[in-house]
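Peer 1: Below are the sequence and a predicted model for it; my questions follow.
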Amino acid sequence: MATMNVSLPDPLKQFVDEEVRGGGFASTSDYMRDLIRQRQREMAAEFLRRLIAEGMASGPAEPIEPDYFERMRERARQRAGE
């Protein structure tokens, strides 16, 4: 695991210490990892919202042939064999 040192002004350090004590975190590192994971989830959710918006803006869905996915799988098998 990599190590990272972070400098904080006293008020922020006090805030983090209070969050660690009151939030059930084992350490400051635990708290920071949690914040980073939360941000990663937020970014993933935003990416998904953008994809959904693009899909909605692309127009109405069109019907596909019943064997569409089977043909797609067959093309993938052929490429994998190349």
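Peer 2: Good, I have the coordinates.
Peer 1: quick check, distance from stretch 6-13 to the centre of its chain.
Peer 2: 27 Å (CA atoms, centre = their mean, to the nearest Å).
Peer 1: what's the model's confidence in it, averaged?
Peer 2: Per-residue pLDDT over stretch 6-13 has a mean of 96.
Peer 1: Show me the contact partners of that stretch.
Peer 2: 16, 32 (CB atoms under 8 Å, 6 or more residues apart in numbering). No exception for glycine: its C-beta is placed from N, CA and C like everyone else's.
Peer 1: after the helix ranked longest in the chain, next one along is what?
Peer 2: The residue-count maximum for a helix in the chain (DSSP state H) belongs to helix 28-57. Using DSSP states H and E, the next helix or strand after helix 28-57 towards the C-terminus is helix 68-81.
Peer 1: That next one packs against which elements?
Peer 2: For helix 68-81, there is no helix or strand it packs on, judged by 3 or more CB pairs under 8 Å, 6 or more residues apart in numbering; DSSP states H and E.
Peer 1: quick one: low-confidence parts of the chain?
Peer 2: Applying pLDDT under 70 to the chain flags the ranges 82.
Peer 1: name the helices or strands packed onto the longest helix of the chain?
Peer 2: In this structure, helix 28-57 packs against helix 10-23, with contacts taken as 3+ CB pairs under 8 Å, 6+ apart.
Peer 1: and the helix it packs on, how far from the chain's centre?
Peer 2: Distance, centroid of helix 10-23 to centroid of chain: 26 Å (CA atoms, centre = their mean).
Peer 1: buried stuff in that helix?
Peer 2: Buried residues in helix 10-23, counted by 16 or more other CB atoms under 10 Å: 16, 20.
Peer 1: what angle do it and helix 28-57 make?
Peer 2: Taking axes from the mean of the first three to the mean of the last three CA atoms, to 10 degrees, one finds that helix 10-23 is oriented at 90 degrees with respect to helix 28-57.
Peer 1: okay, helix 10-23 in PDB with CA atoms only?
Peer 2: Below are the C-alpha coordinates for helix 10-23, written out as PDB (Å, rounded to 0.1, in the frame of the first residue of the first chain):
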ATOM      1  CA  ASP A  10      -5.500  23.200  12.200                       C
ATOM      2  CA  PRO A  11      -9.300  23.700  11.800                       C
ATOM      3  CA  LEU A  12      -9.400  21.100   9.100                       C
ATOM      4  CA  LYS A  13      -7.300  18.700  11.100                       C
ATOM      5  CA  GLN A  14      -9.600  19.200  14.100                       C
ATOM      6  CA  PHE A  15     -12.600  18.500  11.900                       C
ATOM      7  CA  VAL A  16     -11.100  15.300  10.600                       C
ATOM      8  CA  ASP A  17     -10.200  14.100  14.100                       C
ATOM      9  CA  GLU A  18     -13.800  14.700  15.200                       C
ATOM     10  CA  GLU A  19     -15.100  12.800  12.200                       C
ATOM     11  CA  VAL A  20     -12.800   9.900  13.000                       C
ATOM     12  CA  ARG A  21     -13.900   9.800  16.600                       C
ATOM     13  CA  GLY A  22     -17.600  10.200  15.900                       C
ATOM     14  CA  GLY A  23     -17.900   8.300  12.600                       C
END
